[in-house]
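Undergrad: I would like to see how this sequence folds:
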Amino acid sequence: MVGQPTQQMALQRQEQADCTKVYMRDMKRALGMRIVIIFASVFVVFGAIGAEAKGLEKEMVRHKYFMEKGLPEKYQYITPADSSSAEKGKVIYAEHCASCHGVDGSGNGEAGNELYPLPANLRKMAKMRMMGDNFFYWSIADGGEFIETGMPAYAENLSDAEIWSVIAYIRNKI
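TA: Residues are numbered from 1 along each chain as shown. Have a look, this model is predicted:
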């Protein structure tokens, strides 16, 4: 008879309906997984960006302090030593500075790897015009405790002449 479904046709329709339900269920799961993956990726990316930005808060701390508040008054009008003391500065630098700032001043010394923020890249800083010799003197003499860095203060351990010889070495030899 035409127009009346046979039992076989009914079974085929039921199988098709079941297949469609399974297919739709699988598609929803796949779509759900894609959405989860997308959201997780966005979270990871923006989380990483946020963490990186948060980490940058501790970069160039002394520079930021200097830009906001200027050089402490007692260091504004000091007169640097001449560059002829650079060889003496090399010896002092090797003894007191290289372990953190690196032999070449790049901020990659072995002891500095454990510090946060990392030690300054003196090679770059020495080329910055705004980083005058009095900035370096202040950095070496006072250290970084007041700005929460690992830079020790050397005002008690090095004479003025020794600090100036280190600065001469940084400026002229690194």
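Undergrad: hang on, residue 123 packs against residue 106?
TA: Yes: using CB atoms under 8 Å, residue 123 is in contact with residue 106, at 5.5 Å. Bear in mind the C-beta positions are built from the backbone N, C-alpha and C, glycine included.
Undergrad: which phi and psi does residue 9 have?
TA: Per-residue torsions, residue 9: phi -70, psi -40 (degrees, to the nearest 10).
Undergrad: any idea how far residue 20 is from it?
TA: Remark: distance between residue 9 and residue 20 (CB to CB, to the nearest Å) = 16 Å.
Undergrad: Contact partners for residue 85?
TA: By CB atoms under 8 Å, 6 or more residues apart in numbering, the contact set of residue 85 is 161, 164-165, 168.
Undergrad: at 6 Å instead, please
TA: By CB atoms under 6 Å, 6 or more residues apart in numbering, the residues touching residue 85 are 165, 168.
Undergrad: swap in residue 143?
TA: Residue 143 touches 151-153, counting by CB under 6 Å, 6+ apart.
Undergrad: Can you say which of the residues you listed are buried?
TA: residue 151 (16 or more other CB atoms under 10 Å).
Undergrad: Among the contacts of residue 143, which one lies nearest to residue 39?
TA: residue 151 (41.9 Å; CB to CB).
Undergrad: Would you pull up how far the host helix or strand of residue 38 lies from the middle of the chain?
TA: Residue 38 is part of helix 7-56 when elements are defined by DSSP states H and E. Offset of helix 7-56 from its chain centre (CA atoms, centre = their mean, to the nearest Å): 36 Å.
Undergrad: in the helix or strand just after it, what's buried?
TA: Downstream of helix 7-56, the first helix or strand assigned by DSSP H and E is helix 61-69. By 16+ other CB under 10 Å, the buried positions in helix 61-69 come out as 61-63, 66.
Undergrad: what packs against the lowest-mean-pLDDT helix or strand in the chain?
TA: Lowest mean confidence among the helices and strands of the chain (mean pLDDT, DSSP states H and E): helix 7-56, at a mean of 69. Of the remaining helices and strands, none touches helix 7-56 by 3 or more CB pairs under 6 Å, 6 or more residues apart in numbering; DSSP states H and E.
Undergrad: show me where pLDDT drops low in this protein?
TA: Along the chain, segments meeting pLDDT under 70 span 1-5, 43-59, 81-83.
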